[in-house]
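The following block contains a protein sequence and its predicted model.
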Amino acid sequence: MKHKTFFWFILPTFLAMLIFIFLPIISIVLQSVHTPHENVLITVENCDPFGCKKVTSIDHEATKNLNQSEPLGKFVGLDIYFDRGHLAIENFKLIWENSENIFSFIQSLSNLPFYKAVFFTLTFTFTVTPIMLLLGLLIALGVNSISKKLRGIVIFFSLLPMIVTPLIGSIILFWMIDSRGIIGNLIQWLINDPNLSLKASTTLTWIMLIVYGVWHAIPFSFIVFYAGLQTVPKDQLESAKIDGANKFEEVIYIIIPHLMPLITFVTLMQLMDNFRVFEPIVGFSAEAHATSLSWIIFNDLGGETRQLSAAATSSILTIIGVIILLSPVLVRTWKDFNFKK
Amino acid sequence: MNLIKYAFLITSFLIFLLKNSFACEIKARVSVVGNEFPAIQTVGAGAKKCKGAEVKTNLTADHQKINVAGMSSEPAEYTSAIVANTSIVALLNNDLIRPLDDLVKKHGSKLKKNQLITINGKVMAVAFMANAQHLVYRKDILEKLNISVPKTYEEMLSAAKKIRTSGLAKNPVGGAYKAGWNLAQEFNNMFIGYGGKHFKGNTPEPNVNSDAGKKALNMMKSLSEYMNPDFLTHDSNATNAEFRAGNVILMNMWGSRAATLTDADGVSDAVKKGMDIAGPMTVGGGNIPASTLFWDGWTVAKKISDAEAEATFIAMMNGINPSIIKDDKVRKQAVWLLEGYTPTDAARGVFAAAKMNTTPYPMLPYAGLMHSAIGAEIADFMQGKENAKKTLSDIEDAYRAAAKEKGFL
């Protein structure tokens, strides 16, 4: 492609990325190194239906000038990154010095909100992604081998979990696994413990969220792999059969290598998707047991607190997390690209 | 004869229409944002009856997420926000609402003095209803087991023990203990009941790591042993559902929910007839109830023209016109602070709370930060993952980090 043609070709994409991705990121970077100015506090008398009381309030006149001269707020550098709500450098050091072994270190560390969220997010990402890849492939192989008449309807039902909105899906499951719900009750009956509650135990909540994550993500990997299976060269399979390969060997030596680019693609998408796990935590009301980075951002922005700088910092840390997570795959793609060149 | 009857009907209908349409005349746009429970729906509908300019309402449970942004622009999108003493703080902190003294003088002659929320001597909001958490219980079960209505949390615990032993209910205690806002609110109640103060004097320095804090946490833990094991996922909706199903016998519940609590489909007669309410409970021998008082009221945005502010004030005044409580259904919706309101049966709990000098929820600029720190940190204690002392110092640390960021410490 000529350079000029290439330029015009890429311009719309480039502009859209600049406006919708690059500029917002710059904006949150700026936000994360600034905090609101210190409030000038005064004591005033407030009255409500229940009587009058002397309380502390913000002196807006005094704070106003400061806000106007420096509308971005106070520059604090990386303070927010290092505070207790995020990387918690000081607490980290203390815990490191006071822990006897790696287990107590991790346990104490997970008391800090950011690390608690990171532990769950990583566990979720690294369990859901492989399970989903494997099951998706198995379902695709299964569907591919059933009679063509049945395939349409089977594919339709296999796709349903992805059609359900994540929040709705998780709320429905939330009630099904309630101790009086159909699944919760069944599990109680199966293991013969009438007091078992999936929602009251941290381990069970994590398992439940992971099962939900797999259930929701399988259709994606299934449909991609199923499409890939349609392109597997017939002659290769036939020659393998002639060489005496069984079904399992066909999958290992022909189908999987053929699907490798797709597997990389699905892994990449799912790593990103699972890293920003959010809806199931809200839907399952699981915040007492499991939080994620996205959930922290949501929590900081909502309600009466509106911690914009904290939310911006968590966003930046999430972006850094995604970059670290994807770097092996990206490096590989880069190497392949250079190799071909 | 028939003709006369119809003519009469039509005329009276027309008069009714005229009366309503001319009752409230405004000259500029009005746009209201607020929560969505029945009493607020009524106020919103009343404001919408005004003629002469457009009146929009956006009533949603997510109102707190949008009201600050919606009132920060010039001119503000929302000319009025319906808030409570918790949510007004964010508007005050950002200086988004205007003093109403002039408008009260001009159009607010119908208001009672205790409806005016004044901050530093200036009227900043007009309250129209009060709310508090108090005891909701099953009279029939307590009578059957010969238990008197608990007045303290200690009595609630012993009652719960008796009910469990009797086999009438496995988990007789209910509470909105969902991790987050709800759980923190229950802690606040208990902490205040034990005489705790959230902050040191009039400073933003936290003060929850105290004896009262420890006692409050331990009481909550003891209560939770009589709750459904899923209690950390139960907000007030879920707790009410448990009560309706007959699983919960005693609970600390919002007064605003009491009137319509058993109005759902499929509620058994035993629950319908057996439900009763009482005032809030005290704890640890204290005389201040372990509960907090709330008011709901409306504000007028700062960043709008004076004409819009006046129109908003007139429309909102129409929304809380004392005539609305003539309707029995509306009267039941809340504990109204309006002229001529006599408490319904469902309002006894909140009235008792006010009479017992329950502490109002503090309108402090940093109260919300403390609330969210508490909500995030005590879930670990309730699950038995850490002791009370550690949890309380975690709360203070989390609050300090947030308060530092927001420029309070």
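Received, thanks.

what sits against B:Thr391?
By Cβ atoms under 8 Å, 6 or more residues apart in numbering or on different chains, B:Thr391 lies in contact with B:217, B:377-378, B:380-381. Any C-beta I mention is one placed from the backbone N, CA and C, and that applies to glycine too.

er, A:Ser99 actually
Residues in contact with A:Ser99 (Cβ under 8 Å, 6+ apart) are A:105, A:108.

ok, now with 6 Å
Contacts for A:Ser99 (Cβ atoms under 6 Å, 6 or more residues apart in numbering or on different chains) come out as A:Phe105.

what are the phi and psi values for it?
A:Ser99 has phi and psi values of phi -90, psi 140 when expressed as degrees, to the nearest 10.

again with B:Asp296
Dihedral pair for B:Asp296: phi -120, psi 140, per degrees, to the nearest 10.

Repeat that for the one 4 residues further on.
With angles defined as degrees, to the nearest 10, B:Val300 sits at phi -120, psi 130.

what about it, neighbour count?
By other Cβ atoms under 10 Å in any protein chain shown, 27 other residues sit near B:Val300.

residue contacts, it?
Taking Cβ under 6 Å, 6+ apart, one finds B:80, B:98, B:309, B:312-313 in contact with B:Val300.

Could you check how far it is from B:Ala309?
For B:Val300, the distance to B:Ala309 (Cβ to Cβ, to the nearest Å) stands at 5 Å.

swap in B:Val83?
Taking Cβ to Cβ, one finds B:Val83 at 16 Å from B:Ala309.

quick one, which of the two is more surrounded?
B:Val83 (28 against 21).

who's in contact with that one?
Contacts for B:Val83 (Cβ under 6 Å, 6+ apart) come out as none.

what's the answer for B:Ile378, then?
Here B:Ile378 is in contact with B:187, B:391 (criterion: Cβ under 6 Å, 6+ apart).

Please compute how far the one helix or strand it maps to lies from its chain's middle.
Following DSSP states H and E, one finds B:Ile378 within helix B:367-382. The chain centroid and the centroid of helix B:367-382 are separated by 19 Å under Cα atoms, centre = their mean, to the nearest Å.

And stretch A:182-197, by the same measure?
Its chain's C-alpha centre and that of stretch A:182-197 lie 30 Å apart, by Cα atoms, centre = their mean.

And stretch B:271-287, by the same measure?
Stretch B:271-287 sits 17 Å away from the centroid of its parent chain (Cα atoms, centre = their mean).

buried residues in it?
For stretch B:271-287, the neighbour count (16 or more other Cβ atoms under 10 Å in any protein chain shown) marks B:271, B:274-284 as buried.

Pull the number of nearby residues for A:Leu262.
Neighbour tally, A:Leu262, other Cβ under 10 Å: 17.

Skip the chain neighbours and tell me the closest residue to it.
Residue nearest to A:Leu262 in three dimensions, not counting chain neighbours: A:Gly228, with 4.6 Å by Cβ to Cβ, 6 or more residues apart in numbering or on different chains.

Kindly report the residues of chain B close to chain A.
Applying Cβ under 6 Å from any Cβ of the partner chain, one finds that chain B approaches chain A through B:64-65, B:90, B:93, B:95, B:114, B:117-120, B:127, B:130, B:179, B:202, B:229-230, B:232-233, B:293, B:295, B:337, B:360, B:363-365, B:368-369, B:372, B:379, B:397, B:401-402, B:405-408.

taking those one by one, which sit in strands?
The members of these that map onto strands under DSSP state E are B:117-119, B:127, B:130, B:293, B:295, B:360.

show me what contacts A:Lys116?
A:Lys116 touches A:110, A:291, counting by Cβ under 6 Å, 6+ apart.

near chain B at all, the least confident helix or strand in chain A by mean pLDDT?
Ranked by mean pLDDT, DSSP states H and E, the weakest helix or strand in chain A is helix A:60-69, scoring a mean of 80. Yes: counting by Cβ under 6 Å from any Cβ, chain B is contacted by helix A:60-69 at A:His60.

which residues are in contact with the next helix or strand after that helix?
Beyond helix A:60-69 in the direction of the C-terminus, DSSP H and E gives the next helix or strand as strand A:74-75. Residues outside strand A:74-75 that contact it (Cβ under 6 Å, 6+ apart) are A:34-35, A:37.

where along the stretch 1-150 of chain A do the strands fall?
Secondary structure of the stretch 1-150 of chain A by DSSP state E, counting those that start in this stretch: the strands cover A:34-35, A:41-48, A:51-58, A:74-75.

in the third one, what's buried?
The one in question is strand A:51-58. So for strand A:51-58, counting by 16+ other Cβ under 10 Å, buried means A:55-58.

from chain B, which residue is nearest to chain A?
In chain B, no residue comes nearer to chain A than B:Gly368, which is 3.1 Å away by Cβ to the nearest Cβ.

That residue and A:Thr305 touch, don't they?
Yes: the pair B:Gly368 / A:Thr305 is scored as a contact, 5.1 Å apart, by Cβ atoms under 6 Å.

give the contact list for residue 311.
Unless you meant another one, I'm taking chain A. Contacts here follow Cβ under 6 Å, 6+ apart; on that basis A:Ala311 touches A:297, A:300-301.

should've been chain B
Applying Cβ under 6 Å, 6+ apart to B:Ala311 gives the contacts B:26-28, B:30.

and the residue of the stretch 1-150 of chain A found nearest chain B, how many neighbours does it have?
Relative to chain B, the nearest point of the stretch 1-150 of chain A is A:Val44 (3.6 Å; Cβ to the nearest Cβ). Residue neighbour count, defined by other Cβ under 10 Å, stands at 17 for A:Val44.

how much space is there between it and B:Asn85?
Distance from A:Val44 to B:Asn85, counting by Cβ to Cβ: 15 Å.

Buried members of the contacts of B:Ala311 into PyMOL, please.
Burial among the contacts of B:Ala311 is assessed by 16+ other Cβ under 10 Å; the matching PyMOL selection reads:
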select buried, chain B and resi 26+28+30
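
What are the boundaries of the helices in the stretch 1-150 of chain B?
Using DSSP state H, counting those that start in this stretch, the helices of the stretch 1-150 of chain B run over B:2-23, B:38-48, B:63-72, B:88-93, B:101-107, B:139-144.

Can you name the residues in contact with the fourth one?
What that stands for is helix B:88-93. By Cβ under 6 Å, 6+ apart, helix B:88-93 touches A:58, A:304, B:68, B:97, B:125, B:363, B:365, B:368.

Which residues of the stretch 1-150 of chain A lie near chain B?
Proximity of the stretch 1-150 of chain A to chain B is confined to A:35-39, A:43-44, A:46-50, A:56, A:58, A:60, A:83-85 under the rule Cβ under 6 Å from any Cβ.

typo on my end, it should be the stretch 151-300 of chain A
A:197, A:199-200, A:285, A:287-288.

Try it again at 10 Å.
For the stretch 151-300 of chain A, the contact set with chain B under Cβ under 10 Å from any Cβ of the partner chain comprises A:174, A:177-180, A:184, A:194-202, A:205, A:284-289, A:291, A:296, A:298-300.

I'd guessed B:His198 sits against B:Ala216; true?
No: checked against Cβ atoms under 10 Å, the pair B:His198 and B:Ala216 is beyond contact range at 11.3 Å.

okay, which residue is most central for chain B?
Nearest residue to the geometric centre of chain B (Cα atoms, centre = their mean): B:Asn131, 4.8 Å.

list the contacts for it?
Counting by Cβ atoms under 10 Å, 6 or more residues apart in numbering or on different chains, B:Asn131 touches B:37, B:39, B:84-85, B:254-257, B:292-296, B:334-335, B:349-350, B:353, B:361.

if you set the cut-off to 7 Å instead, what comes out?
B:254-256, B:294, B:296, B:335, B:350 (Cβ atoms under 7 Å, 6 or more residues apart in numbering or on different chains).
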